Every structure is written in C-alpha cells, then in structure tokens.
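1. here is a sequence with its predicted model. Questions after.
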Amino acid sequence: MIKAEAKNINVWYGDFHALKNINMSFNTNSVTALIGPSGCGKSTFLRLFNRMNDLISNFRLEGLITVDEQNLYSKEVKIDELRKSIGMVFQKPNPFPKSIYENVAYGLRVNGINDRRTLDETVERSLRQAALWDEVKDNLKKSAMSISGGQQQRLCIARALAVEPRLILMDEPASALDPISTAKIEELIFELKKSFTILIVTHNLQQAGRISDYTGFFYMGEMIEHDATQKMFLNPSNERTQNYITGRFG
Amino acid sequence: MTKKRLIQKIVFTTFGLISLLVVGILFAILGFIAIRGLHVISWEFLTSMPEDGMTKGGIFPAIVGTGCLVLGSMIFAFPIGVLSGIYTHEYLKDSWFKRFIRMMTNNLSGIPSIVFGLFGMALFVNYLSFGDSILAGSLTLGLLTLPVVIRTTEEALKSVDDTLRMGSYALGATKLQTIGRVVLPVAYPNIITGLILSIGRVSGETAPILFTVAAYFLPKLPSSLSDQVMALPYHLYVLATSGTNMEQSRPMAYGTAFVLIAIVLIINTAASLLRRYLNKKVKMD
C-alpha cells in the first residue's frame, strides 16, 4: 500500500532549480533511504513532507506531495497541524532545555493537550517505542541536556513519536553519534518500521544498506534511481548509481 | 630559534603588553579615584544631605536621585526594547524593512547623549509640560538606552541554536509558542544580564539629565515623579567645576566619583555572576 507520494516535483530556491521533475512513492511500513552527494537535493526533498521548506523565503514548489492521499500543499491544510502529524528527527540531537518528560510532552502541549494522564501515558509509550524508557524512567524530571548524545537523539525520536506521526522523516539522524549509539538508532529504526513509514537521508551507504528496504539515489537535483535496496546495491540499472555506490565519486 | 618563531614571539609579546596596558589604565583610574576619594567615604557621607555649600555632609540625595532615574528609565526602556528586539529578530523576514529598522536602531545609538538631553527637554519638559522632573529625565535616559536594549535582546536571541526552533516547528508549534516555550527560556539569561549592564551605563550618564531633571543643589528627597532630583554624575560635575568653594569641595568630588564607580562595578560583577548562574540553571533544569 502506498503511504506517501511525490508527483512531478520541481523546487526552486530563487533562481536555483533544486529538485527536477521527481516522481517517487513510498510503501506503508517501509524504510526508504535517500542517498546522494552533498547538495543533491535529498534533504530538500525530505523537508517537502512536513513543509519545513516553507520557512525559507524564496522557496517555490511545483507538483504534488501526498500522504494518505491528502495533498499537503492544498489551501485547506494548516501547516501547524500538518507538522504535528509528520515526525522529524534532525542531524544534530536538538532536545529542548527542559526535562526529559517535558521534551516528549512538548508536541502534545503545543497542540493544547495538557491532561496529566494522557501526557503520562504518551510519555511512557513514546519512550518505550524509542527504546529509552528503561534508561530514563527514574529520571524523567532530569534535564534532557544531562543525558548522552545517543540518548538525546533517541529522546528526539520519542518526541517525534509522541504525536503519533503518519510519517517519520529522519535527516542524517546518526551522523553526529558514535558507532554504538548509531547501532542503537539503527536497531530502533528496524523496530519502528513495524508501525511507521520512514524516510531517512543518510551519507552512510553501509547504513542505507543495513536499514532500508528501498533506496533512492539523488544527483544534482534529479532522482536517478529508486528501487529495492538490495537491487540498488548489487545490481543498479544506472551507471551513475553504480559509480556512487562503489565510491568512484561523491 | 628560527626566524619565523622569533617573529611570532615578538608579535605576541607586543599584543600581550598592549592588553596589559589596557588593564593598567583601568587600575590607574580606579587607584587614582580610590586614593583621593576613599578617605571621604563614610556611613555619614553615604546617608546625609550635603551641607555648607556642598563642602561638608554627604551625597545621599544624589544616590537616591540616580536610583530613581535608573529605575524609571528601565521601566520605560526594558519592555519596549525587549519586545522590539524579539520582533525584529524572530518575526521580521530579511527585507528592506528589517534592514531599515536595524540601521535606524544603530543610528539612534550613534546620537550624542547631549542631543538626547536637548530633545528630552524639548519634548518631555516643554512640549508635554512634564517640567524638570524624574519623569522627563527617566524617559530621556530610557530613549538613550533603547538601542542598547534592542541590540542586547537581538544578540541573545541570535545565540539560540536554530535547530531548537526547527525542532519546535516540526512538532507543530507556532512561532509564538516556539518563542515563548523554547527560545526565550534559552535566551533570557543573556537578555537579563545585558539589561543589567545597560543599567551601569545609564547611571553614569550626565548630558541627558542636564536639562531634564538634574538639580544643582536640592537637599531633600523626591516625593513624586514630577520632582527634580540630584544625581551622582551631575553632582560630580558640579563639585568639580562650579561649587561655591572649589578647594574644599574637591575631596567630595572624588568621593562622589568613587561611589559612582563602585556602583557601576558592583552592577557589572553582579551581572556576570547572574549570567553564569542562570546559564547553568537553563542547562540543568
């Protein structure tokens, strides 16, 4: 089943044509890795799905982005509500300087949910889903700044899960972490895919190979190839994909 | 030693000596004032009225006056400056309007303080008929500090990592929620310390109060906003240049200078201690 889709996408920043005629669709409960050299447009593409590009003043989009067959850029869509329904995890762990509990509860609180029971339940569920509960359950009131970088990143994942997202976007979520923390994040992604659909931008090709079902290769604003990860890595159809994956450029 | 290393050594030694010189100048000023002024300082000097053509007695009304003016100007400048800083930094997109506001704020801070004094006299004292009063003086001083407060607020907001804002937006928070719940809680220690530092500057300003509030000699405490007051910097000026008996009032001038410097130093130290404490608190809460 198709969870999200991009149809005939063109994006400009001012005069710069950042994404060129891109068509992709993403299956429910799958992980898709977006790979490509820096500046190829993969992060821009990712941010189309929670309209973070709208924050950039000269951003312009043509084409259709849908999640659950809802057009994300139609006039009826309220950006705040849309962002709440799409989880995003950033490159650098960015916990708010609040307690662990308040970090996870943030998405609910800004959307007007302050009921103690609901918050307690959501915080526990989300931290469990993010495989962090056992490590922090006795210290929920402690500052999120006091835990390790890897734990902070899982906290940011929990924070995104708390609002029960329809889609999870990850922008190089492990690039600032040590190998052990990275392995934990990868395990977590594997678990999360049972309940969520995940798009992940990564520079680490081994990581893409380990965690993703599908891989999309971006180059200079174009989507060169999009296929099952195994096929992409073992037998890519396009020469440029082959060159990138074998490390001949990029 | 190679030539490259020798040159490096000479250059950095020179830089070091120049830096020491700066510190030396500060200590020279402090020492000079302390030697001539410290012996005048007593409980009586701090808490009594000036007497005998300001050659005896104390500077109590000037201390109170400066206190009133600092408080008054802050009540005026803090809210306006902080709100304006938040608006320009967080809300305004990069446009000619933002650059215009920035440029005008900078121009405002470039206006000589005596011009502020003249403007304050024209607007508050005469046109709005506040007369020479704490109200007119506070508003004039407030105008003078406004650009500093705006700048301070903007700098504090700029130092907040943008990824925090992004994280908040991504969870469906509005701009206002993001500012209130994430940005300000991180930025407020630096905003507050910036504000306290601006207090130090206001307490030493002379020109803006010259035509708007300061009294040459007024040995009583103010009872309302429309009263005139004495103030430390102006009192110092009077004692040093236009007293009735200059020779005898000179030690009083040094004593006044010492008190003024002490107040500013205490405020600055308090500000940096507070900043350190609050920043630690923000990280640990």
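-> Alright, I've got the coordinates.
2. name the SS class of the closest residue to chain B within chain A, please.
-> Here the residue of chain A nearest chain B is A:K84; by CB to the nearest CB that distance is 2.9 Å. For every residue, glycine as well, the C-beta is placed using N, CA and C. Of the three states, A:K84 takes helix under DSSP: H, G, I helix; E, B strand; the rest coil.
3. which residue, other than its chain neighbours, is closest to it?
-> Leaving out its chain neighbours, the residue that sits closest to A:K84 by CB to CB, 6 or more residues apart in numbering or on different chains is B:G172, at 2.9 Å.
4. what's around residue 78, how many residues?
-> The chain I'm using is chain A. Neighbour count for A:K78, taken as other CB atoms under 10 Å in any protein chain shown: 9.
5. to clarify, I was referring to chain B.
-> Applying other CB under 10 Å, we find 20 other residues in the vicinity of B:F78.
6. show me the contacts for it.
-> Residues near B:F78 by CB atoms under 8 Å, 6 or more residues apart in numbering or on different chains: B:V149, B:L195.
7. repeat that for A:T28.
-> Contact analysis of A:T28 by CB under 8 Å, 6+ apart lists A:M1, A:I2, A:K3, A:T197.
8. which helix or strand in chain B has the lowest average pLDDT?
-> Using mean pLDDT, DSSP states H and E, strand B:56-57 stands out as the lowest-scoring helix or strand of chain B, at a mean of 75.
9. identify all contacting residues around that strand.
-> B:E44, B:F45, B:S48, B:M49, B:P50, B:E51, B:P219.
10. which strands or helices does the strand or helix carrying B:Y237 pack on?
-> Using DSSP states H and E, B:Y237 maps to helix B:232-241. Applying 3 or more CB pairs under 8 Å, 6 or more residues apart in numbering or on different chains; DSSP states H and E, one finds that helix B:232-241 contacts helix B:60-86, helix B:184-204, helix B:207-210, helix B:246-284.
11. could you dump the ones you listed to JSON lines with mean pLDDT?
-> Shown next, in JSON lines, are the helices and strands packed on helix B:232-241 (pLDDT from 0 to 100):
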{"stretch": "helix B:60-86", "mean pLDDT": "92"}
{"stretch": "helix B:184-204", "mean pLDDT": "88"}
{"stretch": "helix B:207-210", "mean pLDDT": "88"}
{"stretch": "helix B:246-284", "mean pLDDT": "86"}
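12. contacting residues for the nearest residue to B:A173 once chain neighbours are set aside?
-> Take B:A173 and drop its neighbours on the chain: the residue closest to it by CB to CB, 6+ apart is A:V110, 4.0 Å away. The contact partners of A:V110, by CB under 8 Å, 6+ apart, come to B:S168, B:L171, B:G172, B:A173, B:T174, B:Q177, B:R181.
13. repeat that for A:P165.
-> Contacts of A:P165 by CB under 8 Å, 6+ apart are A:S85, A:I86, A:G87, A:F196.
14. give me the most central residue, the chain.
-> Using chain A here. Residue closest to the mean C-alpha point of chain A, counted by CA atoms, centre = their mean, is A:L169 at 1.6 Å.
15. look at chain B instead
-> Most central in chain B (CA atoms, centre = their mean) works out to B:R201, at 2.4 Å.
16. who are the contact partners of it?
-> For B:R201, the contacting residues are B:T145, B:V148, by CB under 8 Å, 6+ apart.
17. what is the burial count for the nearest residue to B:C68 once chain neighbours are set aside?
-> Spatial nearest neighbour of B:C68, excluding adjacent residues (CB to CB, 6+ apart): B:I134 at 5.2 Å. For B:I134, the neighbour count with other CB under 10 Å is 25.
18. verify the contact between B:I134 and B:S73 for me.
-> No. B:I134 lies out of contact with B:S73 (CB atoms under 8 Å); the separation is 9.9 Å.
19. overlap of the contact sets of these two?
-> By CB under 8 Å, 6+ apart, no residue touches both B:I134 and B:S73.
20. quick check: B:S95 vs A:K3, distance?
-> Look at B:S95 and A:K3: by CB to CB, to the nearest Å, they are 38 Å apart.
21. of those two, who's got more company?
-> When B:S95 and A:K3 are compared on other CB under 10 Å, the one with more neighbours turns out to be A:K3, at 21 against 10.
22. quick one, what contacts the more buried one?
-> Contact analysis of A:K3 by CB under 8 Å, 6+ apart lists A:F26, A:N27, A:T28, A:N29, A:S30, A:V67, A:D68, A:R166, A:L167, A:T197.
23. buried only: go through these for me.
-> A:F26, A:S30, A:V67, A:R166, A:L167, A:T197 (16 or more other CB atoms under 10 Å in any protein chain shown).
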